[in-house]
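Undergrad: Prediction below, plus the sequence it came from.
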Amino acid sequence: MNETPQLPYYRAAFYCRELRSIPVVRKFTRKALVEWECEKRMDDVLLCVIELATNALRHGVPPGRGFKVHIYLEGIENALRVELHDSGDGEVRPSDGMPGADDEGGRGLLLVAAPADEWGVGERNPGKIVWCEFGIA
């Protein structure tokens, strides 16, 4: 993991395409939320950041590459924004419906959409940015 120099309400870190990056992403996010005294929606934020990181590892990060996590606290809007940047060319689409009980996948973005106030996908060259926001007022 490589952390970039940090502004008061901004954190960013790069992670390798490895399963062991997932708990490190969680720890990184939790630390920022505690430092910013932004623990009210911590469980929701942590669920979403882990899901986005897992999706990036499974679907978005090509072998030999990594992904970057950005966390912003926007005081004017009282919003917390989490972004996951990857360099893959895969599309991000929510499932057309609920996956079956025996299906192994298809729940990821449903798990993000439920607790997040908003979520979406932005362009990046190469790749994409998947983001979610949470009101913290």
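TA: Nice, thanks for sending it over. Residues are numbered from 1 along each chain as shown.

Undergrad: contacts, neighbours, all on C-alpha from now
TA: Noted.

Undergrad: Would you map the helices across the protein?
TA: Taking DSSP state H as the criterion, the chain carries its helices at 21-35, 42-55, 108-113.

Undergrad: now the ones you listed in CSV, with distance to residue 127?
TA: Below are the helices of the chain laid out as CSV (distance: least, CA to CA, whole Å):
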stretch, distance to residue 127
helix 21-35, 19
helix 42-55, 13
helix 108-113, 18
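
Undergrad: most packed of the ones you listed?
TA: helix 42-55 (a mean of 20; mean count of other CA atoms under 10 Å).

Undergrad: For that helix, give me every contacting residue.
TA: With contact meaning CA atoms under 8 Å, 6 or more residues apart in numbering, helix 42-55 is reached by 22, 25-26, 29-30, 33, 82, 84, 108-109, 111-112, 115-116, 130, 132, 134.

Undergrad: Try it again at 7 Å.
TA: Here helix 42-55 makes contact (CA atoms under 7 Å, 6 or more residues apart in numbering) with 22, 26, 84, 108, 111-112, 115.

Undergrad: got the CA positions of it in CSV?
TA: Provided in CSV are the C-alpha atoms of helix 42-55 (Å, rounded to 0.1, in the frame of the first residue of the first chain):
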residue,chain,number,x,y,z
MET,A,42,-19.2,3.7,9.9
ASP,A,43,-20.8,0.3,9.4
ASP,A,44,-22.5,1.4,6.2
VAL,A,45,-19.3,3.0,4.8
LEU,A,46,-17.1,0.0,5.7
LEU,A,47,-19.6,-2.4,4.1
CYS,A,48,-19.6,-0.4,0.9
VAL,A,49,-15.8,0.1,0.7
ILE,A,50,-15.1,-3.6,1.2
GLU,A,51,-17.7,-4.5,-1.4
LEU,A,52,-16.3,-2.1,-3.9
ALA,A,53,-12.7,-3.3,-3.2
THR,A,54,-13.8,-6.9,-3.6
ASN,A,55,-15.6,-6.1,-6.9
